[in-house]
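*Asks:* A predicted structure for the sequence below; I have some questions about it.
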Amino acid sequence: MAPIDKRTVVVCGLGMVGLYFIEKLLKNDKDKQFIVEVFCEEPYVAYNRVGLTQYFSHREKERLLMQPPSWYSDNSVIVHMNEKAAHIDTTAKRVTSENGISISYDSCILATGSYAFVPPILGSDRFGVFVYRTIDDLDEIIKYSSKSKRGAVIGGGLLGLEAAKALIDLGLEVTIVERNQVLMSRQLDTAGGKMLMNEIKKLGIRCIVGNSPKEITADEDGKVTGIRFDNDNIQVDIVVMAAGIRPRDELAKASGISTHQRGGVFVDDLLQTSDPNVYAIGEVALYGGTVYGLVAPGYDMADVVANNLITGGEKRFLGGDLSSKLKLLGVHVASFGDYFAKEDDTMHLVYTDPFGSVYKKLIFSMDGKYLLGGILVGDTDDYTKLHALMKSKKLLVAPPSELILGVKSGQAPGADDLPDEAQICSCNNVTKGQIRDSVKLDECRSIGQVKSCTKAGTGCGGCIPAVTEIFQAEMKALGHVVTNALCPHFSLTRAELFQVIKIKKLKTFKDIIEQVGKKGTYGCEICKPAIASILASLWNDHILDHANLQDTNDRYLANLQRGGLYSVVPRVPGGEITPEKLVVLGEVAKKYGLYTKITGGQRIDLFGAKKQDLPAIWEELVNAGFESGHAYGKALRTVKSCVGSEWCRYGQQNSVQFAIDIENRYKGIRAPHKIKGAVSGCIRECAEAQGKDFGLIATDNGYNLYVCGNGGSKPKHAVLLAKDVPPETAVKYIDRFLMYYIYTADRLTRTARWLEKMEGGIEYLKRVIVDDRLGICAELEEDMSRLINTYECEWAKVVRDPKRRADFNQFVNTNESIDEIEIIKERGQTRPADWPRECAVTEQDISEIKQSTDLESKKWVKIAPASAFPDDAGQVIKYGDTQIAIFNTNERTKWYATQNMCPHKRAFVLSQGLVGDEDDGIMRVSCPMHKKNFALETGECTSGDADLKLMTFEIKLEDDFVFLYLPPEQELDRILGTSKWIVSNKVSKKSHNKNSNKIEFLGNTTAIGCGGDKKLDW
């Protein structure tokens, strides 16, 4: 077979659209006919501009990257970093950069994007005026805002509201200035814009609309002091320009390629410019008189060009869909189709709920048979369905009124009912058909693989439930078993298992797996914690009575953090704390070198505790009157409160006392997932009760009780369960609600998702909880009463029990201790050193060290009494400077020994992992840090990381003592010594400063951190 002639594609610009084009080209280039070279002007590879605002919360550039740097080298993509393409010689077919790098091409792709438009306002060049476009822009805003109190954003569109959110996150008072009469004027009509503005004002943001700034004023040093209007002035310290974008077409102009006088590179249906070998995609392209400022049309353009280059076909771009679904400053907003259609030839159906802050306008054909477009503010749950219906151009099978009023929970059509062309992921413009194809054609067999293949769910993440539903339906259609069974060891769901355990009064994991599960197996990291939670919810035994079922957080009653350290969070009911207790927390933090931080739940978190110090820390806290805050468990976390009628001039009820009473009532109660509550003393809602699993808002007549809300990665507004109820009735309803949730929810399901899946939704839940339709309310109240009456502080019981305290020792064979990560100082406090960029210790790394190590002169070493090791779990021993994890299973009949260091992140924590088997019968340990699973017999990683492997050791029992077959201490220390692999500041800095050797970068690069498995269920 003759060799294929390689064709070079030069991409000018490495933003989201440029990267998407490269991905599409490489994925479909089956014959490997293309060489890809890229000019990247910035010091960072492609990052998520849609998620720029998130940068203010985490400040980690690597978390914004669309692909890690290694991806480019792995796919033979040459990236010229910090190199701006300056000229295209279309005759010689050659691109030259500002620094003189010249590359020949067969096809050239202009993906240079856009720049931030700065309106011609007097004073726009003052110190303290910024644009909002790149990571570097954000870094400058962060630095300048540290000395600012008030900020203004000029521009009330999508970009402006994102910038306003950023300034809010930086702690500034914010004013939004918009020359049009409404915010988001390109997406919303007047009514929708006003609804959005009213919601934004509730956040304390001032909005000036219908007014253009005349001047940005400054002091004698040229620093911003305010903004002048025709009839008004405002004082600000920083101004962010977010008034729109303009295409970056200077490269095209310099190269003689046709551009519009107002900006944009002319393209045809094939996205070809005036030169047929040069294409333009994304925000630089001008198609049909339109420059598309959203990423989805840019992706469509990239798909067209990549397809045509590979096939030689003539797939055409016929315009982009400007539909969008967004969340701005906490407000859900969406628009789709012809949302500005005139009423002369269309029919408009409008729903407005000023109390619920919801506005919906749907636009139909005059006969009501076709949906043409719509605007949604406050409630966008039906966007996917409506958008798909509009794009399908199909006759409506239901009256238009049903679309505007919505369908009650439990009756709505699911994602499986949508057509293949329905857009599921609006961030990345992924359709249902593409998700189905990833399962059928690309053989994706997990949600993670689907996300990697299609990019669905990698933007805001809001489409994941729909993606999951489509994935499961497609797997079933292909004949693959999709089940809600808890795990391979149990064929029942969590709710079914709960009822069986309750009815049969089963009290141990052994009895449960023998009577209900797969006999002769030993459980896994899924079923063990789930059953431990069920046992706690039913019988309320101390959680450590089932220590070998607990993941590390519950096993050590604290939250595992980086480096194997723990955080301690004492309970502060209702957020009320005395000065004396504050002093105790400060003294404990100083004594044990702990980092302190105020949590969002009105508590104080103490980070950096060593496992062996936990009982001593708890003892001091318990003696001062503190209890466990259960921040480590799937249990009640906090009941947040405002100051209520005791202090606030608006307060209608004593919210602090009620919050304290409720938190003390439900503390320690285990559930399928964490539970959070709140009590607000008036309708101003300062405790954010409508964002909690249960929340109470005071009225003149009592309290309104809301349920099934939550924050987190998928926020959900709580819904009203009961109105104007007295405190004792509210408590009764909460008792019933929580127990019914504990009875029926799947594992790791928050109350919001639980309600979404419930047939009949909130109306059905009201009938169960308020009306006692099922006749089980007395039983629910009785079960809750038993849990309340048998409560005991989990910390206090450990503190008073010498045997339990001994379980927290660092090693079972010595009282010595070893630091497992270097602690550094920052902002006056301590924290663990950063993980190095190249963090993992691979099998090859260990093999290379072994070559110069004497491992032949081994001998049996007496370690410790067998009784020192817990049943069906692990513990760690010290041998020289090496840590070895020892596990036993099968009722202490099988023993294993491995290195204690998880090679993924160099964390010395494997002994704390859960032990179990799967269908193949292979015993595994699940690392508590990032859920990497390793076979105990061979050390192989069974989570797909073939380059990670544990060292294992021969082990035997003799005269009730554990023996290990080991080489001399100094030889093993050369391979696995703690001081050899400990994460230190020196190693971290060296790693982050060196150039990557996994990507061919020409120019300076920015170091990128490595991330772990994010599926951290427990």
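*Replies:* Noted; the coordinates are in hand. What you see is a predicted model; the values in this text were computed from it and never measured.

*Asks:* tell me where the stretch 351-500 of the chain has helices.
*Replies:* For the stretch 351-500 of the chain, the helices identified by DSSP state H, counting those that start in this stretch occupy 383-392, 400-405, 432-440, 447-454, 464-477, 494-504, in order along the chain.

*Asks:* could you dump the ones you listed into TSV and include mean pLDDT and mean neighbour count?
*Replies:* The C-beta positions use only the backbone N, C-alpha and C, and glycine is treated the same way. Conversion of the helices of the stretch 351-500 of the chain to TSV gives the following (pLDDT from 0 to 100; neighbours: other CB atoms under 10 Å):
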stretch	mean pLDDT	mean neighbour count
helix 383-392	85	22
helix 400-405	80	15
helix 432-440	88	21
helix 447-454	74	19
helix 464-477	79	19
helix 494-504	92	17
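
*Asks:* any chance of CSV for those helices, columns distance to residue 100?
*Replies:* As requested, the helices of the stretch 351-500 of the chain are arranged in CSV below (distance: least, CB to CB, whole Å):
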stretch, distance to residue 100
helix 383-392, 48
helix 400-405, 59
helix 432-440, 41
helix 447-454, 37
helix 464-477, 46
helix 494-504, 64
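
*Asks:* and of those helices, who's closest to residue 279?
*Replies:* When those are compared by CB to CB, helix 432-440 sits nearest residue 279, at 22.4 Å.

*Asks:* same for the closest one, what does it pack against?
*Replies:* Packing contacts for helix 432-440, counted by 3 or more CB pairs under 8 Å, 6 or more residues apart in numbering; DSSP states H and E, involve helix 447-454, helix 464-477.

*Asks:* which strands and helices lie in contact with the host helix or strand of residue 831?
*Replies:* Element membership of residue 831, judged by DSSP states H and E, is strand 829-832. With contacts taken as 3+ CB pairs under 8 Å, 6+ apart, strand 829-832 sits against strand 595-598, strand 604-609, strand 823-826.

*Asks:* return the most buried member of those strands.
*Replies:* The densest packing among the helices and strands packed on strand 829-832, expressed as mean neighbour count by mean count of other CB atoms under 10 Å, is seen in strand 604-609 with a mean of 22.

*Asks:* chain center to that one: distance?
*Replies:* Centroid separation between strand 604-609 and its chain, computed with CA atoms, centre = their mean, to the nearest Å, is 22 Å.

*Asks:* where exactly do the helices run in the stretch 901-1018 of the chain?
*Replies:* If you assign secondary structure with DSSP H, counting those that start in this stretch, the helices in the stretch 901-1018 of the chain sit at 969-976, 978-981, 985-993.

*Asks:* show residues contacting the first one.
*Replies:* By CB atoms under 8 Å, 6 or more residues apart in numbering, the surrounding residues in contact with helix 969-976 are 846, 849-850, 852-855, 857, 879-883, 899, 901, 951, 966, 980.

*Asks:* ditto for stretch 820-828
*Replies:* When contacts are defined by CB under 8 Å, 6+ apart, stretch 820-828 is touched by residues 562-565, 593, 608, 830-833, 907-908, 978, 982-985.

*Asks:* could you do stretch 131-140 as well?
*Replies:* Contact with stretch 131-140 is made by 42, 44, 47, 49, 52, 55-56, 61, 64, 115-116, 118, 130, 141, 159, 162-163, 166, 240-242, as judged by CB under 8 Å, 6+ apart.

*Asks:* mark which of the residues you listed are part of strands, please.
*Replies:* Within those, residues falling in strands by DSSP state E are 115, 116, 130, 240, 241.

*Asks:* pretty sure the first one contacts residue 249?
*Replies:* So the one you mean is residue 115. No - in this structure, residue 115 sits apart from residue 249 without contact. The criterion is CB atoms under 8 Å, and the distance is 10.0 Å.

*Asks:* what ranges in the stretch 501-650 of the chain fall below the confidence cut-off?
*Replies:* By pLDDT under 70, the stretch 501-650 of the chain contains no weakly predicted segment.

*Asks:* how about the strands in it?
*Replies:* Counting by DSSP state E, counting those that start in this stretch, the stretch 501-650 of the chain forms strands over residues 559-560, 566-568, 595-598, 604-609, 636-641, given from the N-terminal end onward.

*Asks:* tell me which of those strands lies nearest to residue 927.
*Replies:* For residue 927, the closest of the strands of the stretch 501-650 of the chain is strand 559-560, at 10.4 Å, according to CB to CB.

*Asks:* what pairs with that closest one, parallel or antiparallel?
*Replies:* As defined by DSSP bridges, the strand partners of strand 559-560 come to strand 566-568 (antiparallel).

*Asks:* contacts for the strand it pairs with, please.
*Replies:* Strand 566-568 has contacts (CB under 8 Å, 6+ apart) with 556, 558-561, 594, 605-611, 614, 617-618, 621, 631.

*Asks:* buried among the residues you listed? Make that a PyMOL selection.
*Replies:* Command for PyMOL, covering only those of the contacts of strand 566-568 found buried under the criterion 16 or more other CB atoms under 10 Å:
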select buried, resi 556+558+559+560+561+594+605+606+607+608+609+610+611+614+617+618+621+631
